[in-house]
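Colleague: Here's a sequence, model it:
(one chain, ligands or ions: 2)
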Amino acid sequence: MEILHDGDADLGVLNGKTIAVIGYGAQGRAQALCMRDSGLSVVIGIRPGKSKDAAEEDGFETLSVTDAAKRADIIHILLPDEMHGPVYDKEIAPVLTAGKTLSFSHGFSIVFGEIKPPKDVDVIMVAPKSPGTEERKRFVEGFGVPGLIAVRQNPSGKAKEVALAIAKAEGLTRAGVLECSFEQETYEDLFGEQNVLCGGMVDLMKYGFETLIEAGYPPEMAYFECIHEAKLIVDLIYEGGIQKMNAVISNTAEWGEYDNGPWIIDPSVKERMKESLRRIESGEFAAKWIKEARNGAPTLKAKRAALGEHPAEIVGKRIRSLFQKKN
Ligand SMILES: NC(=O)C1=CN([C@@H]2O[C@H](COP(=O)(O)OP(=O)(O)OC[C@H]3O[C@@H](n4cnc5c(N)ncnc54)[C@H](OP(=O)(O)O)[C@@H]3O)[C@@H](O)[C@H]2O)C=CC1
Ligand SMILES: CC[C@](O)(C(C)=O)C(=O)O
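Modeller: Residues are numbered from 1 along each chain as shown. Ligands and ions are numbered 1, 2, ... in the order given. From the prediction side, this is the model:
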């Protein structure tokens with residue numbers, strides 16, 4: 001797969017264009033700030049509330065979603081995925097005229113049919129492979145995080161150039177950008193966050209922490225070992241791969257990785273991962289999530305509250321408050 005860099009993108013295609021960032025949360029804030037720093041004309045479409053206040057504190061012009069969509073050439077939807085459909089239908093579709101571009105950072109609402117755009121608009125994706133906070137941090141440091149771009153509809157013939165220019169404005173082409181389809185991004189992103197990055201990793205950490213404290217080890221020790229140090233270990237893999245991490249850790253730890261790791265995370269995990277991918281690709285996961293969200297997200301809220309009571313979170317909060325440099 002070709003990796004695209006700064007030289008493949010031309011910010012000039014966005015000259016004279018207004019980008020409306022719809023939503024000013026994790027991604028909205030990070031992407032809007034980066035695009036503005038790159039000289040683009042950005043307005044924020046947002047409802048009254050804390051996000052609107054934050055956007056104004058950051059010096060952006062804020063408008064209602066409808067007014068921002070009306071003003072913009074490029075409507076970059078950075079609302080929670082579960083809200084894309086309702087907000088699009090009510091506040092964007094009525095002012096979405098031919099020649100505009102609809103843009104996303106995740107393909108969920110397009111792939112699972114929550115949004116059905118008219119044929120006469122471009123539909124693109126610029127998806128940073130990063131949480132918003134880290135994306136902004138890397139940009140400010142002078143580099144960026146990698147990203148994906150995708151083109152779904154291209155009546156203008158310029159959709160890919162526009163997506164690449166946005167990616168460049170956000171620093172993504174400094175790190176490297178891949179072109180894929182909306183389906184590829186949506187499925188791999190959901191797969192990764194559910195099985196490895198969030199679901200998966202979080203459960204592994206919690207089981208490790210719980211096993212140690214149930215055996216009588218102090219929670220602080222369990223936290224340092226199973227949660228805090230995970231970042232330092234992953235940083236080594238980020239910098240130089242698993243082999244670099246293995247070169248830095250002790251031979252004893254490396255031996256334990258080979259000897260015990262495949263027993264703890266045995267091949268049956270991969271079978272469940274395959275089933276998880278099937279549920280994602282078939283739309284089963286999306287249907288379940290949209291049903292939960294439309295119902296007021298009771299399970300999500302209950303799980304969120306329960307997590308706040310987990311001893312790993314309670315001890316972690318205390319430990320982190322003692323650190324001088326917070327990450
Ligand atoms: N989080 C991440 O790092 C990543 C997210 N993405 C994608 O980016 C998109 C945005 O996600 P994320 O940044 O996490 O979302 P957040 O939940 O962080 O932010 C959502 C924003 O949308 C606003 N909003 C919610 N409902 C409405 C509404 N009805 N009308 C107007 N504004 C509203 C919120 O405002 P308010 O404060 O008023 O609720 C908030 O500003 C999603 O498609 C997601 O999949 C992609 C890559 C990574
Ligand atoms: C890992 C979660 C993520 O996919 C991300 C930060 O990239 C998300 O959707 O938030």
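Colleague: measure R136 to K116 for me?
Modeller: 32 Å (CB to CB, to the nearest Å). From N, CA and C alone the C-beta is placed, and that goes for glycine too.
Colleague: ok, these two, which is more surrounded?
Modeller: Counted by other CB atoms under 10 Å, R136 and K116 do not tie: R136 has more neighbours, with 24 against 11.
Colleague: where does the more buried one land on pLDDT?
Modeller: R136 carries a pLDDT score of 98 in this model.
Colleague: Same question for Q324.
Modeller: 64.
Colleague: chain center to whichever strand or helix holds I149: distance?
Modeller: I149 belongs to strand 147-153 when assigned by DSSP states H and E. Distance of strand 147-153 from the chain centroid (CA atoms, centre = their mean, to the nearest Å) equals 15 Å.
Colleague: List the buried residues in it.
Modeller: G147, L148, I149, A150, V151, R152, Q153 (16 or more other CB atoms under 10 Å).
Colleague: export the residues you listed to JSON lines and tack on distance to K303?
Modeller: Shown next, in JSON lines, are these (distance: CB to CB, whole Å):
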{"residue": "G147", "distance to K303": "30"}
{"residue": "L148", "distance to K303": "28"}
{"residue": "I149", "distance to K303": "33"}
{"residue": "A150", "distance to K303": "31"}
{"residue": "V151", "distance to K303": "36"}
{"residue": "R152", "distance to K303": "33"}
{"residue": "Q153", "distance to K303": "36"}
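Colleague: my guess is M1 contacts L178, does it?
Modeller: Yes - assessed by CB atoms under 8 Å, M1 is found in contact with L178 at 5.5 Å.
Colleague: Same drill for those two, tell me which one is more crowded.
Modeller: A count of neighbours by other CB under 10 Å puts L178 above the other of M1 and L178, at 17 against 6.
Colleague: burial measure for E313, as a count.
Modeller: 15.
Colleague: Show residues contacting the host helix or strand of it.
Modeller: Using DSSP H and E, E313 maps to helix 311-322. Identification of contacts with helix 311-322 by CB atoms under 8 Å, 6 or more residues apart in numbering yields 205-206, 209-210, 213, 219-220, 222-224, 226-228, 307, 326.
Colleague: Counting neighbours, what do you get for T186?
Modeller: Residue neighbour count, defined by other CB under 10 Å, stands at 26 for T186.
Colleague: Same check on V140?
Modeller: Number of residues near V140 (other CB under 10 Å) recorded here: 12.
Colleague: shouldn't S276 be in contact with Y187?
Modeller: No - look at S276 against Y187 with CB under 8 Å: they stay out of range, at 10.5 Å.
Colleague: Check which residues of the helix holding E313 are buried.
Modeller: Those would be A312, V315, G316, for helix 311-322 by 16+ other CB under 10 Å.
Colleague: ok, of the residues you listed, which one's closest to ligand 1?
Modeller: Nearest to ligand 1 out of the buried residues of helix 311-322 is G316 (CB to the nearest ligand atom; 20.6 Å).
Colleague: State the distance from the closest one to N15.
Modeller: 47 Å.
Colleague: residue of the stretch 1-150 of the chain with the smallest distance to ligand 1?
Modeller: Using CB to the nearest ligand atom, the single residue of the stretch 1-150 of the chain nearest to ligand 1 is G25, 1.8 Å away.
Colleague: contacting residues for that residue?
Modeller: G25 neighbours (CB under 8 Å, 6+ apart): S51, L78, P80, G132.
Colleague: Among these, which ones lie close to ligand 2?
Modeller: For ligand 2, no contacts are drawn from those by CB under 6 Å from any ligand atom.
Colleague: Buried among the residues you listed? Need that as a selection in PyMOL.
Modeller: Only the buried members of those end up in this PyMOL selection, burial being decided by 16+ other CB under 10 Å:
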select buried, resi 51+78+132
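Colleague: Of the contacts of G25, just say which sits nearest to I237.
Modeller: G132 (22.1 Å; CB to CB).
Colleague: these two touch, right, that closest one and G23?
Modeller: No - under the criterion of CB under 8 Å, G132 is not in contact with G23, lying 10.8 Å apart.
Colleague: Would you map the helices across the stretch 201-327 of the chain?
Modeller: 201-214, 219-223, 229-248, 251-264, 268-281, 284-294, 298-308, 311-322 (DSSP state H, counting those that start in this stretch).
Colleague: Just want the angle from the fifth one to helix 284-294.
Modeller: Inter-element angle recorded for helix 268-281 and helix 284-294: 70 degrees (by axes from the mean of the first three to the mean of the last three CA atoms, to 10 degrees).
Colleague: Need the residues that contact helix 268-281.
Modeller: Residues from elsewhere that reach helix 268-281, judged by CB under 8 Å, 6+ apart: Y187, L190, F191, Q194, N195, F285, A286.
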